[in-house]
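*Asks:* Just to be clear, the model below is a prediction. Sequence and coordinates:
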Amino acid sequence: MTHSGPAMTSAHRTGSGHFFAVRASSIALLFFSFFAVSLAVSLIGADHAGITETLGRPFIALPLFAFVVVATTHMYLGLAEIIRDYLRTPLGRRLALFGDGLLSLTFVGGAGYALITLMLKS
């Protein structure tokens, strides 16, 4: 029996790849979140110059950028699943998925630009 129409959920279309991508990004976020929170706590009380210098170091900026990429990917996958499950009109679904992708690219692009700018100024 083939499922089609509004009753078909996102799991029928994307299979287990989506399931494992969400789980893998969750596990990666555990490690990157620990790094990001530790960094934020270590910068409490630092002045602007100290924060800029710290974030401009490549061994700090690269894991921080990886954190943003993994968190944004996790957000994108979760929102896409919700959009596919609950938006029933094809046009609304396409527009929402486009917005989800655009928002995700904006986050990653902004973080990348900011961190590259800080690394080049250091």
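*Replies:* Sure, I can see it. Residues are numbered from 1 along each chain as shown.
*Asks:* Just the element for L115, please.
*Replies:* For L115, the enclosing helix or strand under DSSP states H and E is helix 90-121.
*Asks:* on contacts alone, who are the packing partners of that helix?
*Replies:* helix 48-55, helix 58-86 (3 or more C-beta pairs under 8 Å, 6 or more residues apart in numbering; DSSP states H and E). C-betas here are computed from N, CA, C, even on glycine.
*Asks:* List the buried residues in the shortest one.
*Replies:* Applying a neighbour-count criterion of 16 or more other C-beta atoms under 10 Å, the buried positions in helix 48-55 are T54, L55.
*Asks:* Please pull out the lowest mean pLDDT helix or strand from this structure.
*Replies:* Every helix and strand of the chain was ranked by mean pLDDT, DSSP states H and E. The lowest is helix 10-42, at a mean of 86.
*Asks:* Just want the angle from it to helix 58-86.
*Replies:* Using axes from the mean of the first three to the mean of the last three C-alpha atoms, to 10 degrees, one finds that helix 10-42 and helix 58-86 are set 150 degrees apart in direction.
*Asks:* name the helices or strands packed onto helix 10-42?
*Replies:* Going by 3+ C-beta pairs under 8 Å, 6+ apart, helix 10-42 lies up against helix 58-86.
*Asks:* one step back: and of the helices and strands packed on helix 90-121, who's closest to F32?
*Replies:* Closest of the helices and strands packed on helix 90-121 to F32 is helix 58-86, at 3.8 Å (criterion: C-beta to C-beta).
*Asks:* Point out where this structure drops to low pLDDT.
*Replies:* Scanning the chain for pLDDT under 70 picks out the ranges 1-15, 122.
*Asks:* tell me, what residue is most central in it?
*Replies:* For the chain, T72 is the residue whose C-alpha lies nearest the centre (C-alpha atoms, centre = their mean; 0.7 Å).
*Asks:* about what we covered before: give me the buried stretch members for the least confident helix or strand of the chain, please.
*Replies:* Going by 16+ other C-beta under 10 Å, helix 10-42 has these buried residues: H18, S25, A28, L29, F32, A36, L39.
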